[in-house]
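Trainee: Dropping a prediction and its sequence here:
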Amino acid sequence: MEFQPMRPEIRFCSKKCSSGKTARQRDNSRGWYRDPKGYILIRKPSHPMASREGYVMEHRLRMAEHLGRMLTKDEVVHHENGIKDDNRIENLELMPRRIHDRLPKPPIRPIVCPHCSGTINVSGRVRHVEAVI
């Protein structure tokens, strides 16, 4: 079953998973959420690096705090061990986007839907739902 979300900022594994879910449900008491790609986003609407929805990627926030300055759009924070929610400063490396784009891509791993815990296989840009637990 293939599913393309109507709004690109909201990603679900299937139509069944998306029913009744909105961007407002991300705003929980924790103040953060894990996106479908595995990154942690923190709610900071007034931060200069925040998205339109008011979230900042935690690894970019940690690197900016470590450097004492804001990151530019051309700067990429690379996770050295490939684990996208491991945001320890010793695991993060700042590099220009053109260098980061030349790095070998890690093997595509299935990810877990944050809404229904179903396994999502990613092949290129299309997501396929394998199993909903």
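Mentor: Received it, and whenever you're ready, just let me know what you need.
Trainee: what packs against the longest helix seen in the chain?
Mentor: The residue-count maximum for a helix in the chain (DSSP state H) belongs to helix 58-67. Secondary-structure packing of helix 58-67 (3 or more CB pairs under 8 Å, 6 or more residues apart in numbering; DSSP states H and E): strand 40-43, strand 75-79, strand 92-96. In this view, the C-beta of every residue, glycine as well, is placed from N, C-alpha and C.
Trainee: Tabulate the ones you listed (CSV), appending mean pLDDT.
Mentor: Below are the helices and strands packed on helix 58-67 laid out as CSV (pLDDT from 0 to 100):
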stretch, mean pLDDT
strand 40-43, 94
strand 75-79, 95
strand 92-96, 95
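Trainee: Could you give me the buried positions within stretch 37-47?
Mentor: Residues 38, 39, 40, 41, 42, 43, 44 are the ones in stretch 37-47 that count as buried (16 or more other CB atoms under 10 Å).
Trainee: right, and out of the residues you listed, which lies closest to residue 113?
Mentor: Proximity of the buried residues of stretch 37-47 to residue 113 (CB to CB) peaks at residue 38, which lies at 11.5 Å.
Trainee: quick one: pLDDT of the closest one?
Mentor: Residue 38 is assigned 85 on the pLDDT scale.
Trainee: Now do the same contact list for it.
Mentor: Applying CB atoms under 8 Å, 6 or more residues apart in numbering, we find residue 38 in contact with 83, 84, 85, 111.
Trainee: Kindly present those residues as a markdown table, with separate columns for pLDDT and neighbour count.
Mentor: Below are the contacts of residue 38 laid out as a markdown table (pLDDT from 0 to 100; neighbours: other CB atoms under 10 Å):
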| residue | pLDDT | neighbour count |
| --- | --- | --- |
| 83 | 88 | 12 |
| 84 | 90 | 18 |
| 85 | 90 | 12 |
| 111 | 70 | 19 |
